[in-house]
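Asker: Sequence unavailable; structure follows:
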């Protein structure tokens, strides 16, 4: 602290500014008539060189990082480079650091999105130096962790949305639903028993319904197969790209048929898909800014660090032209995408 007093003071000042800004944002959201306001995001882990791991060195597992096993969109698995809580040591602490973190985040929020919601059940531990595909699941005391999460949310009068995508056991979704935790339903992943797109009336009520997520390509990119080309270029595919493209075309054909049967025009997939979401019973519906402006570039490509500029992709339209914040109110594509959802509030 003495040697780095300047840096410590600088970062303390940044946190103070951030706290003021978050307070102002939530106040402005509520004043504008948003009943929930801002839903903050609770990441699955922390930076291995950050303040959390320094302050609680004995509570994080050493030589281990957190990730996810292989799935359809990340065929080599994922390693997020974040150290996991040590379950027994965290329990011995009375979950004090976990509860303190939740309280702090919820001070400025009407809701909390639990990234990789399975984190309260189990985490995919990857030994240092091993590929993500060679990790293993480690169980966490779900009742205690979920209890702490929901208690803090209750105190803050906040909704909790769990990102229950990827490799998720059915019982996990059942536990969340029983406790009043919203799930996350994404159009490209919701399937009927035959493997086709799930009709809107069959979607969950207690969920946040979206077309995609930040880990998926925007709608325009998905329709053009940009994500297949990107993963092929980065060496993230485990089967020929031709098979990926064939599967994509078949899925899009099924979607166009379903939208047409519902009286929605698949010629404008962005508008049609959001009109589709508006017909689901889901209590929360999300519209991605990248989708609304016609962006094609993926914002985050799981399984990469330096290979792709994650979270540093400037917002552009379908033709690659920059989109500024000031442009949004007059953007016809934004209005078309949000209109079906906006009508839900009338």
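Answerer: That came through, no problem. Here the structure is a predicted model, which is why all the values come from computation and not from measurement.

Asker: Going by C-alpha atoms from here, please, whenever you check contacts or count neighbours.
Answerer: Fine.

Asker: From residue 235, how far off is residue 241?
Answerer: Computed as Cα to Cα, to the nearest Å, the residue 241 to residue 235 distance reads 11 Å.

Asker: again, but for residue 185
Answerer: For residue 185, the distance to residue 235 - Cα to Cα - is 28 Å.

Asker: Those two: which is more packed in?
Answerer: A count of neighbours by other Cα atoms under 10 Å puts residue 185 above the other of residue 185 and residue 235, at 25 against 10.

Asker: just to confirm, which helix or strand has the more buried one in it?
Answerer: Per DSSP states H and E, residue 185 falls inside strand 183-186.

Asker: The helix or strand just after that strand packs against which elements?
Answerer: Note on strand 183-186: by DSSP H and E, the next helix or strand toward the C-terminus is strand 207-210. Contact here means 3 or more Cα pairs under 8 Å, 6 or more residues apart in numbering; DSSP states H and E; on that basis strand 207-210 packs against strand 183-186, strand 284-285.

Asker: could you pull out the strands for this structure?
Answerer: 39-42, 64-68, 78-82, 111-114, 122-127, 136-139, 159-162, 183-186, 207-210, 284-285 (DSSP state E).

Asker: Could you give the average pLDDT over the lengthiest helix in the chain?
Answerer: Ranked by residue count and defined by DSSP state H, the top helix of the chain is helix 5-31. Helix 5-31 carries an average pLDDT of 96.

Asker: Now that helix: buried residues?
Answerer: 22, 26, 27 (16 or more other Cα atoms under 10 Å).

Asker: How about the first one: what's its closest non-neighbour residue?
Answerer: In this case it means residue 22. residue 108 (6.0 Å; Cα to Cα, 6 or more residues apart in numbering).

Asker: Give me the number of neighbouring residues for that neighbour.
Answerer: Neighbours of residue 108 (other Cα under 10 Å): 22.

Asker: dump the residue contacts of it.
Answerer: Applying Cα atoms under 8 Å, 6 or more residues apart in numbering to residue 108 gives the contacts 22, 23, 26, 38.

Asker: ok so, going back, just send the helices and strands packed on strand 207-210 back as JSON lines, with distance to residue 6 too.
Answerer: Shown next, in JSON lines, are those (distance: least, Cα to Cα, whole Å):
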{"stretch": "strand 183-186", "distance to residue 6": "43"}
{"stretch": "strand 284-285", "distance to residue 6": "44"}
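
Asker: so which of the ones you listed is the most packed in?
Answerer: strand 183-186 (a mean of 24; mean count of other Cα atoms under 10 Å).

Asker: in its sheet, what does that one sit against?
Answerer: Partners of strand 183-186 in the sheet, by DSSP bridges, are strand 207-210 (parallel).

Asker: How far does the partner strand sit from its chain's centre?
Answerer: 11 Å (Cα atoms, centre = their mean, to the nearest Å).

Asker: who wins for proximity to residue 294 among the strands of the chain?
Answerer: Nearest to residue 294 among these is strand 207-210 (15.6 Å), distances taken as Cα to Cα.

Asker: Please work out the average pLDDT along the closest one.
Answerer: 97.

Asker: Can you tell me what sits against that strand?
Answerer: 161, 182-187, 277, 282-288.

Asker: Just the mean pLDDT for the strand holding residue 185, thanks.
Answerer: 96.

Asker: Give me the residues contacting it.
Answerer: Taking Cα under 8 Å, 6+ apart as the rule, strand 183-186 contacts 161-165, 173, 176-177, 203-204, 206-213.

Asker: how about the contacts of residue 108 in TSV, adding distance to residue 257?
Answerer: TSV is the format used below for those (distance: Cα to Cα, whole Å):
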residue	distance to residue 257
22	44
23	46
26	41
38	36
